[in-house]
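> Just the structure for this:
(one chain, ligands or ions: 1)
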Amino acid sequence: MVNRDTLKTAYEEELRLFEELHPTSKAHFEKAKDSLLLGVPLNWMVRYAGGFPLSVQDAKGAHITDADGIDYIDFCLGDTGSMVGHGPEAAAEVIAKQAYRGASFMLPTEDAAWNGRELQRRFGVKFWQFSTSATDANRFAIRLARQITKRPKVLVFNWCYHGTVDETIATLFEGGHVGSRTGNIGPQVDPALTTKVVEWNDAEALEEALKDRDVAVVMAEPVMTNIGIVHPLPGYHEALRALTRKYGAYLLLDETHTLCAGVGGYTREHRLEPDIVVCGKTLASGIPVGAYGFTEEFGSKAKAELDSLYGLVKGIGGTLAANAITMAAMRATLSKILTQEFYDVNIPKAARFNQGVEHAIREYELPWSTTQLGNRTEYWFVPHAAKNGTEAVNHRDFELDWYMHLYCLNRGILMTPFHNMAIMATATTEADVDKHTEVFREAVSKIVD
Ligand SMILES: Cc1ncc(COP(=O)(O)O)c(C=O)c1O
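Purely as a prediction, here's the structure:
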């Protein structure tokens, strides 16, 4: 078992080591406090294990070098933004070329239509639109769904994440009351007015919530990933599709993270039939992007609405969305990098990662477990996977999280912050994976009785 006193002491030791190893990152952080709120470009970056973030000098493939010259195996890969690896040549060359030929025109390039056709082929939905982020794609899809259905509400799953979309930053409180998720900055106008929330994998609760026929769109990651990987139970997707159809709500599957499951995400792998698909991040090798696509039925209704509003359409936009660099980067990524081969090569590495972790778990007889989704994997400090968001939240163990992250970081391994998740890129080697196994085992050995 984990000895909590030993864990505390070991963590403090790791904190001291982190400071000692990263004087330049620390200096950059301190200097940035002059111009950046909290010393970071995005407020949550102060929450990295160690108390300040690494200052990145360089990155290539599956490795990052920090300002102190330390090399890391990067299993975070920009939380999928760089799932294809850092600086992949096929995309980097195209991005550089396009930068010389112009970036942003408020006019389409031919690459946009190519990308539309390719996304159509992958996800099986007909019409596509682009945005600057997956957050925006979700926001715009919600707008269209409300416009078409004339219904006010969105339904999401407890502890979901779909970007910084007000309607989705809502959780269930005592008595089934919907409120703003604790810690939501603002917070937004009471989400009970805009949002229904139910637990993932609970078909009965979903039906109850849809019965009022006031939900325009049900939004789901086909597998929850942002509260840790929470798989659908057998039959849940069938229920989700049948119930949304029965009560006239559109079904949006947000594949932004689950694109790790295959070329057409979890949707294609499992032959799902969403009305709307949202994607982003990975699609353009780290260049900001969002995409949302929908069925012919949804598209023809959206077109009729847009036609009737001609000249008045507001609320869907983004000047830099679908700019020429993003579209060129996406075309290169989809045609040359994020291919079937990418998944064939990288999914086995995720399995190897999990096998290594499980071996150490067994060796130390810990009640821990692992889960995998495509080339993405994670470990939990409980024996069984969660079946919904609430269970996943209750399974969190921040003391262990911080310690494991920091122990890895101090030995040249970057895990995804806020959960113990690792992503495999083509440049990730088996030696990289095995190094994690070794460090994981060593970290565990220091805190068990
Ligand atoms: C499922 C899902 N949707 C949307 C987003 C938002 O992506 P972005 O931050 O690129 O807008 C995220 C971000 O993590 C996500 O996990």
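> Let me see the ranges of the strands in the stretch 251-400 of the chain.
In chain order, the stretch 251-400 of the chain shows strands spanning 276-280, 290-294, 369-373, 376-380, with DSSP state E, counting those that start in this stretch as the criterion.
> Quick check: neighbours of the first one in the sheet, parallel or antiparallel?
In its sheet, strand 276-280 lies beside strand 250-254 (parallel), strand 290-294 (antiparallel), with partners assigned from DSSP bridges.
> nearest to residue 49, of the strands of the stretch 251-400 of the chain?
Of all these, strand 376-380 sits nearest to residue 49, with 15.4 Å by CB to CB. In short, each C-beta sits where N, CA and C put it, glycine included.
> Please work out the average pLDDT along the closest one.
The predicted model gives strand 376-380 an average pLDDT of 96.
> just stretch 8-20 next, same as before
98.
> Same list (the strands of the stretch 251-400 of the chain) but as a markdown table, adding mean neighbour count and distance to residue 317.
Shown next, in a markdown table, are the strands of the stretch 251-400 of the chain (neighbours: other CB atoms under 10 Å; distance: least, CB to CB, whole Å):
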| stretch | mean neighbour count | distance to residue 317 |
| --- | --- | --- |
| strand 276-280 | 28 | 16 |
| strand 290-294 | 27 | 12 |
| strand 369-373 | 19 | 33 |
| strand 376-380 | 25 | 32 |
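> nearest to the ligand, of those?
Put simply, out of these the one that sits nearest the ligand is strand 276-280, at 4.7 Å, with distance taken as CB to the nearest ligand atom.
> Give me the contact status of that closest one with the ligand.
Yes: in terms of CB under 6 Å from any ligand atom, part of strand 276-280 sits within range of the ligand, namely residue 280.
> what's next to that strand, contact-wise?
Contacts of strand 276-280 with the rest of the structure, by CB atoms under 8 Å, 6 or more residues apart in numbering, involve 119, 123, 125, 131, 133-135, 137-138, 141, 145, 162, 217, 250-256, 259, 265, 267, 289-295, 298.
> Which ones among those residues also lie next to the ligand?
Filtering those for proximity to the ligand by CB under 6 Å from any ligand atom leaves 133-135, 138, 162, 254, 256.
> And those, which two are furthest apart?
Between all members of these, the longest pairwise span (CB to CB) is found for 133 and 254 and amounts to 12.3 Å.
> Same drill for those two, tell me which one is more crowded.
For residue 133 and residue 254, the more surrounded residue by other CB atoms under 10 Å is residue 254, and the numbers stand at 31 against 18.
> isn't that one right up against residue 134?
Yes: proximity of residue 254 to residue 134 meets the contact threshold set by CB atoms under 8 Å, at 7.3 Å.
> Tell me if I'm right that residue 65 and residue 55 touch.
No: the pair residue 65 and residue 55 fails to qualify as a contact (CB under 8 Å) at a distance of 10.4 Å.
> pull the helix or strand with minimum mean pLDDT from the chain.
Across the helices and strands of the chain, the lowest-confidence element by mean pLDDT, DSSP states H and E is helix 296-308, at a mean of 94.
> Alpha carbons of that one, as CSV, please.
What follows is helix 296-308, C-alpha atoms only, in CSV (Å, rounded to 0.1, in the frame of the first residue of the first chain):
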residue,chain,number,x,y,z
GLU,A,296,-27.2,16.3,-45.3
GLU,A,297,-30.5,16.6,-43.4
PHE,A,298,-29.0,19.0,-40.9
GLY,A,299,-27.1,20.8,-43.6
SER,A,300,-30.2,21.4,-45.8
LYS,A,301,-32.1,22.8,-42.8
ALA,A,302,-29.1,25.0,-41.8
LYS,A,303,-28.9,26.3,-45.4
ALA,A,304,-32.6,27.2,-45.4
GLU,A,305,-32.1,29.1,-42.1
LEU,A,306,-29.0,30.9,-43.4
ASP,A,307,-30.8,31.7,-46.7
SER,A,308,-33.8,33.2,-44.8
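> Any idea how far it is from the middle of the chain?
For helix 296-308, the distance from its own C-alpha centre to the chain's C-alpha centre is 29 Å (CA atoms, centre = their mean, to the nearest Å).
> now the helices: where do they sit in the stretch 101-250 of the chain?
110-123, 134-149, 203-210, 236-246 (DSSP state H, counting those that start in this stretch).
> Tell me which of the ones you listed is the most buried.
Each of the helices of the stretch 101-250 of the chain was given a mean neighbour count from mean count of other CB atoms under 10 Å, and the largest, a mean of 23, is that of helix 134-149.
> Show me the contact partners of that helix.
Counting by CB under 8 Å, 6+ apart, the neighbours of helix 134-149 from elsewhere in the structure are 129-131, 151-152, 154, 162-165, 167-168, 216-217, 219, 248-250, 252, 254, 256, 276, 278-281, 290-292, 294, 298, 301-302, 305, 315-316, 318, 321.
> No further questions, thank you.
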